[in-house]
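Student: No sequence on hand, only this structure:
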């Protein structure tokens with residue numbers, strides 16, 4: 001099944017915790033600190049795999065969680081780092097943050113990678129906190145917490161040529177006639193319910209990738225019919241074959257309507273080179289109408305062609321005309337990737353607010369520091385207290401009116417305020 005939109009949850013691995021340990025060896029009664037660092041958590045990475053052409057795997061698996069780094073060990077042993085979690089996606093996948101709407105990346109070329117969640121750094125073991133004044137530190141650091149986010153994946157097919165037109169114009173028949181694609185074909189509206197891709201080989205050196213875009217109707221840009229679900233697939237194409245139904249009541253009006261829908265959806269679409277072709281020229285009634293239709297289109301600045309997808313009339317000429325336009329058509333420009341990672345949040349950026357049961361200190365930096373603190377070790381607690389004083393949390397709580405013994409919430413942790 002063709003799926004071109006998906007929302008998934010991704011979470012990187014947490015960094016492994018640093019270790020508190022003191023060297024133990026026969027005849028060495030006062031071994032120094034030798035607690036090792038934690039290993040790095042796994043990244044979550046999206047990677048383009050050219051053999052994929054749909055987002056359907058994400059219908060069944062919607063959560064992707066990388067492994068955590070291992071805890072540090074004795075004798076200064078660093079914990080094992082976790083492997084990255086690589087998620088394959090088809091070329092043409094656009095990645096947004098579902099919650100903020102931020103564009104994270106546009107994945108087009110084979111092998112292209114995008115790190116969407118970075119694994120946490122491993123925490124430091126107590127070997128790092130030994131000083132001349134404190135040679136037996138009971139201080140260590142927990143690993144950096146995992147990153148998590150909801151991603152919205154959107155697929156835009158990558159093709160040289162997009163075949164557009166009203167329902168029943170014969171787009172699927174044309175694609176089947178010039179390629180080895182096997183789209184569903186029938187004489188009723190919306191036979192095609194999903195885009196189809198095919199490769200047309202004109203000679204040993206020339207081939208075209210064509211996309212049959214499901215029929216567009218008036219109001220498509222607003223979601224009428226198959227609507228915007230498939231309009232976006234035209235955006236990556238460089239040339240359009242605008243196929244007209246020779247048996248339509250007014251093919252020229254159909255031509256104008258489709259171009260209007262393209263313009264409403266994206267003004268750049270109507271600027272793409274178009275090869276206009278009237279289909280079903282093998283039928284006598286269409287042959288009779290052709291001169292008048294040809295004249296009307298020429299008056300609009302186009303040089304239309306008459307073809308028959310079923311009888312395979314003039315199809316080679318049509319494709320070579322497309323090749324000619326491709327020589328001068330601008331290449332599709334990949335949207336500039338927006339860096340996924342920002343510098344770590346400023347730990348001085350926090351807020352203090354009163355809430356039921358106490359006070360809440362909010363800020364990604366201070367909350368991360370709390371999550372990395374070993375609360376069971378007095379030395380680690382003192383280190384966190386010094387941090388709160390240094391960045392101004394203590395002063396902010398005093399100014400807010402925090403009283404002795406009240407509860408202060410930082411992330412998932414509850415602390416008792418002592419002035």
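Tutor: Perfect, I can see it now. Everything quoted here is computed from the prediction, not taken from an experiment. Numbering: from 1, shown residues only.
Student: which residues does residue 362 bridge with?
Tutor: residue 351 (DSSP bridges).
Student: Number of residues surrounding it?
Tutor: Counted with other Cβ atoms under 10 Å, residues neighbouring residue 362 total 14. The way it works is simple: take the backbone N, C-alpha and C, and place the C-beta from them, glycine included.
Student: Settle this for me: it is touching residue 351, isn't it.
Tutor: Yes: the criterion here is Cβ atoms under 8 Å, and residue 362 meets it with residue 351 at 5.0 Å.
Student: Surely residue 285 forms part of a helix?
Tutor: Yes: checked against DSSP: H, G, I helix; E, B strand; the rest coil, residue 285 lies within a helix.
Student: For it, which non-adjacent residue is spatially closest?
Tutor: Nearest residue to residue 285, sequence neighbours excluded (Cβ to Cβ, 6 or more residues apart in numbering): residue 247, at 7.3 Å.
Student: ok, the one you found - contacts?
Tutor: Residue 247 makes contact with 280, 283, 285-286 under the criterion Cβ atoms under 8 Å, 6 or more residues apart in numbering.
Student: Ok, residue 419 next?
Tutor: Applying Cβ under 8 Å, 6+ apart, the residues near residue 419 are 398, 402, 404.
Student: and it, how far is that from residue 386?
Tutor: For residue 419, the distance to residue 386 equals 16 Å [Cβ to Cβ, to the nearest Å].
Student: can you check residue 235 too?
Tutor: In terms of Cβ to Cβ, residue 235 sits 54 Å off from residue 386.
Student: Pick out the residue nearest the middle of the protein.
Tutor: Nearest to the geometric centre of the chain sits residue 95, at 1.5 Å (Cα atoms, centre = their mean).
Student: Comparing residue 235 and residue 386, which residue is more hemmed in?
Tutor: residue 235 (17 against 11).
Student: so the more buried one touches residue 156, yeah?
Tutor: Yes: here residue 235 reaches residue 156: they are 5.8 Å apart, a contact under Cβ under 8 Å.
Student: all strands in the stretch 251-400 of the chain, in order from the N-terminus.
Tutor: All strands of the stretch 251-400 of the chain, identified by DSSP state E, counting those that start in this stretch, fall at 274-279, 305-306, 351-355, 358-362.
Student: May I see the domains of this structure written out as residue ranges?
Tutor: 1-156, 161-326, 351-416 (automatic domain parsing).
Student: for the record, mean pLDDT for the last one?
Tutor: The average pLDDT for domain 351-416 rounds to 90.
Student: before we move on, what about stretch 315-330?
Tutor: 90.
Student: Could I get the buried residue list for it?
Tutor: 315, 318-319, 321-323, 325-326, 329 (16 or more other Cβ atoms under 10 Å).
Student: next one: stretch 244-264
Tutor: 244-246, 248, 251-252, 254-255, 257-259, 261-262.
Student: Local confidence estimate at residue 193?
Tutor: We have a pLDDT of 50 for residue 193.
Student: Test my guess that residue 126 contacts residue 137.
Tutor: Yes: counting by Cβ under 8 Å, residue 137 is a contact partner of residue 126 at 5.0 Å.
Student: The two: which has the busier surroundings?
Tutor: Taking other Cβ under 10 Å, residue 126 and residue 137 do not tie; residue 126 has more neighbours (27 against 23).
Student: Next up, the contacts around the more buried one.
Tutor: Contacts for residue 126 (Cβ under 8 Å, 6+ apart) come out as 18-21, 33, 35, 137-140.
Student: That one and residue 138: what is the separation?
Tutor: 7 Å.
Student: Also residue 416?
Tutor: Using Cβ to Cβ, residue 416 is found at 21 Å from residue 138.
Student: who's more crowded, those two?
Tutor: Taking other Cβ under 10 Å, residue 416 and residue 138 do not tie; residue 138 has more neighbours (17 against 10).
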